[in-house]
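J.: Mind folding the following:
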Amino acid sequence: EDPPNYPFIALLVSGGHSQLIACHEQQEYKLLGESQDDAAGEAFDKVAKMLGLDYPGGPIIEKLAEKGDPQRFSFPRPMTRKPGLDFSFSGLKTAVANEINAQINMTLNDKADLAASFQAAILETIRIKCERALDTTGINSLVVAGGVSANLALREDLKNIAQDKNIKIHYPP
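T.: Numbering: from 1, shown residues only. So this is what the prediction gives:
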């Protein structure tokens, strides 16, 4: 109904990709940053598996995270202190695995807190990278695609960017 106009930043977040692309006009694209290891959706799936949850992990983690405390566990926000727009989620996944292994008799509340803390880390990382891409390019439109784009907490985070920076955001239906 309201298609994006060029130029825009495309954020692709799925099980196979985490990418930021500057789209200047049709068939004129510049890759700004991408996954150096695990993609965002892959990290959601793997953390869900570690917690004994079903596949696909993203929607299950999101639902469980609604009941948890996102500040209980302190997980890294990978590559956010380094310049650039690449993503890396394997270290975050390892930090979660280490926390799971340190827990004895993990309760459902523990799992919810862990899911909320993990989701907060991954979504903050994505938000920071999106803000950086928008700021460095001067582009004021963001198109978000891929399975992780369905995450309502991600959409809320990005909505805050849109309001703060007067950015237009487009999602697939």
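J.: next helix or strand past the helix or strand of the chain with the lowest mean pLDDT?
T.: Every helix and strand of the chain was ranked by mean pLDDT, DSSP states H and E. The lowest is helix 152-165, at a mean of 91. Following helix 152-165 in sequence order, the next helix or strand is strand 168-170 (DSSP states H and E).
J.: Just the buried positions in that next one, please.
T.: Ile169 (16 or more other C-beta atoms under 10 Å). Just so you know, the C-beta spots here come from the backbone N, C-alpha and C atoms, and that holds for glycine as well.
J.: just stretch 26-33 next, same as before
T.: Buried, per 16+ other C-beta under 10 Å, within stretch 26-33: Leu32, Gly33.
J.: Show me where this structure dips below the pLDDT cut-off.
T.: When residues are selected by pLDDT under 70, those of the chain lie in 1.
J.: Tell me, how many residues neighbour Gly84?
T.: 11 (other C-beta atoms under 10 Å).
J.: and it, what does it touch?
T.: Contacts for Gly84 (C-beta atoms under 8 Å, 6 or more residues apart in numbering) come out as Gly33.
J.: Show the contacting residues for the residue lying closest to His17 once chain neighbours are set aside.
T.: Closest residue in space to His17, ignoring its immediate chain neighbours: Ala39 at 5.3 Å, by C-beta to C-beta, 6 or more residues apart in numbering. By C-beta under 8 Å, 6+ apart, the contact list for Ala39 reads Val13, Ser14, Gly15, Gly16, His17, Ser18, Phe87, Phe89.
J.: which residues in this protein form strands?
T.: 8-13, 18-25, 28-34, 141-145, 168-170 (DSSP state E).
J.: export those strands to CSV and tack on distance to Val47?
T.: As requested, the strands of the chain are exported to CSV (distance: least, C-beta to C-beta, whole Å):
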stretch, distance to Val47
strand 8-13, 15
strand 18-25, 15
strand 28-34, 21
strand 141-145, 21
strand 168-170, 26
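J.: Sounds good, over and out.
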